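Student: based on what follows, work out the 3D shape:
(chains A, B, C and D)
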Number of protein chains: 2
Amino acid sequence: MAVRFVRKLEKYGRLSKTECQVIVDVSQNTRKIAARKSILHEDENSQKSCVILSGLACRYKIFEDGARQIVGFLVPGDFCEGYAHQPEYHLGTLSQCLIAYLDNDALAGIMDEYPRISRNLWRTSKAEAAVLREWLVNIGRRPADKRVAYLICELCTRLDGSDVDVAGGCALPVSQIELADATALSTVHINRVLSRLRDNKLVTLQRRSITIKDLGRLKAYAQFQDAYLQLPKSA
Amino acid sequence: MAVRFVRKLEKYGRLSKTECQVIVDVSQNTRKIAARKSILHEDENSQKSCVILSGLACRYKIFEDGARQIVGFLVPGDFCEGYAHQPEYHLGTLSQCLIAYLDNDALAGIMDEYPRISRNLWRTSKAEAAVLREWLVNIGRRPADKRVAYLICELCTRLDGSDVDVAGGCALPVSQIELADATALSTVHINRVLSRLRDNKLVTLQRRSITIKDLGRLKAYAQFQDAYLQLPKSA
DNA sequence: GGCTCACATTCACTCAGGTTAATGTGATGA
DNA sequence: TCATCACATTAACCTGAGTGAATGTGAGCC
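Tutor: Okay, the predicted model is just below:
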């Protein structure tokens, strides 16, 4: 399964056989985590990083009053660090996940020795920032309906890029509560929005599974451009 | 002036004399840019990256309808890439700036040769992502007054960390229009918010200069925690 | 079957912040 | 001295989305 991580990193630039093997070797400490559990938090793992090998996870911030803002979803192949210095941030599973835990020190050693691995890790981090910028724009400037549609487009596109078969319809383990936390809307409003999107035959999201009749139409509606998820030719 | 960049990178981990020199050498192509100009866009520079050596700049996305979302400010020492594949994103100056243009290929060569430089660049990128996450939370979850206050706290803290003297009051070349574009509020509402903040003796922002009577009180009001701007001990 | 739990749905009401538009203000410059 | 420009300010009105609360729906379990 660690090959998921290798495949992701290879998208950001060619790696040698040795380099691929090094990545596989460092990703051997895996663990299966149930749905809706916290990972990388308040335990010995805070000094580690992790890679999602299967399933869907998300990163979020919790406020003292219990409010929550999801700041990103993680699909198979995604790398994520523990942020020991920001205890208000959490990483949690949405579905059952297979996680590889990487030791930060081991990783640092590898990055010193294999510059192409560190370059690719750098690129994953820049790609993550590009996604965050789009989230900012999405939450900041788009009305509720397009906001939700956009998020769905992004999730499907990213899942598709991680070899999860999406085409037309698939399981999407995201509740309305979680959609609300990700889009900065209320659950009630998410419900209104989803039923409108359903009425307009754009998406149907029910019982943790999603059906998209016409992805092109949905993307057009949401003004979704996937260039930011594509990889820059250089850089 | 290239020392600004070196100093910033050194914050993310010790560098040798040679490494520092390499960074200075690659940052020699500098240019002075007037306030409110676009940089790194639609010209030969799109294949380059740049570093802000002095002044204040911002990155933003423009919509077809002219709406704009600022997705980040750049203070002296900040590194930024051109995104040739995302032409809707721009980089612009707010004040007069001194910019160093770096060649992407030269940079790639350096990263291959000096793993510690690439590690530090990676860390700057992770730091940028941390800032973006906070923006997301700020725009997503905080009411207008705290949102603006928070942004001001962030800007001041980052300027302070770039050796710009802020203490108590300083020039802040940000108009109400730009504040609105950064916080996803209307200019009219920004004006209401600013006068309320002024009435509550939290901040005074007038004529491109800012006065903070009691930074501690402002931070408390905005629930601003600067941990995310501090550097993690490891990683 | 009936109980519980976790979500989803719908309704009535409220409000933060948007919109439009008029007016003010100060810097620049012919 | 007056014109212009770029912002800032204020007011009146509107609306998208939030809130609270009641009700529905299915899955899992005893």
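Student: so who does the spatially most central residue of chain A touch?
Tutor: For chain A, residue A:74 is the residue whose C-alpha lies nearest the centre (CA atoms, centre = their mean; 2.2 Å). Contacts for residue A:74 (CB atoms under 8 Å, 6 or more residues apart in numbering or on different chains) come out as A:52, A:56-59, A:80, A:91. Using the backbone N, CA and C atoms, a C-beta is placed for each residue, glycine as well.
Student: now residue A:201
Tutor: By CB under 8 Å, 6+ apart, the neighbours of residue A:201 are A:213-214.
Student: secondary structure element holding it?
Tutor: Under the criterion DSSP states H and E, no helix or strand holds residue A:201.
Student: buried residues, stretch A:133-145. List them.
Tutor: Residues A:133-142, A:144-145 are the ones in stretch A:133-145 that count as buried (16 or more other CB atoms under 10 Å in any protein chain shown).
Student: now do that stretch: distance to the chain's middle.
Tutor: 17 Å (CA atoms, centre = their mean, to the nearest Å).
Student: that one and DNA strand C in contact?
Tutor: No. Judged by CB under 7 Å from any atom of the strand, stretch A:133-145 makes no contact with DNA strand C; its nearest approach is 9.0 Å.
Student: what is the mean pLDDT for that stretch?
Tutor: Predicted confidence along stretch A:133-145 averages 97 (mean pLDDT).
Student: in chain A, which residue sits closest to DNA strand D?
Tutor: residue A:189 (2.9 Å; CB to the nearest atom of the strand).
Student: give me the element that residue is part of.
Tutor: Judged by DSSP H and E, residue A:189 forms part of helix A:187-199.
Student: can you name the residues in contact with that helix?
Tutor: Residues outside helix A:187-199 that contact it (CB under 8 Å, 6+ apart): A:144-145, A:148-149, A:176-177, A:179-180, A:183, A:185, A:203-205.
Student: now the residues you listed: which count as buried?
Tutor: Neighbour counting with 16+ other CB under 10 Å marks A:144-145, A:148-149, A:176, A:179-180, A:183, A:185, A:203-205 as buried within the contacts of helix A:187-199.
Student: re the thing from before, among the contacts of helix A:187-199, which are in helices?
Tutor: Judged by DSSP state H, the subset of these located in helices is A:144-145, A:148-149, A:176-177, A:179-180, A:183.
Student: format those as TSV; extra columns: distance to residue B:111.
Tutor: TSV is the format used below for the ones in helices among the contacts of helix A:187-199 (distance: CB to CB, whole Å):
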residue	distance to residue B:111
A:144	42
A:145	43
A:148	39
A:149	38
A:176	44
A:177	42
A:179	39
A:180	41
A:183	36
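Student: residue A:7 is in what secondary structure piece?
Tutor: Element membership for residue A:7 (DSSP H and E) is helix A:3-11.
Student: what's the first helix or strand after that helix?
Tutor: Note on helix A:3-11: by DSSP H and E, the next helix or strand toward the C-terminus is helix A:17-26.
Student: okay, angle between that next one and helix A:3-11 too, please.
Tutor: 140 degrees (axes from the mean of the first three to the mean of the last three CA atoms, to 10 degrees).
Student: identify the residues contacting helix A:17-26?
Tutor: A:2-3, A:5-6, A:9-10, A:15, A:102-103, A:106-107, A:110, A:114, A:116-117.
Student: can you pick the most crowded of the residues you listed?
Tutor: When neighbours are taken as other CB atoms under 10 Å in any protein chain shown, the top entry among the contacts of helix A:17-26 is residue A:117 (25 neighbours).
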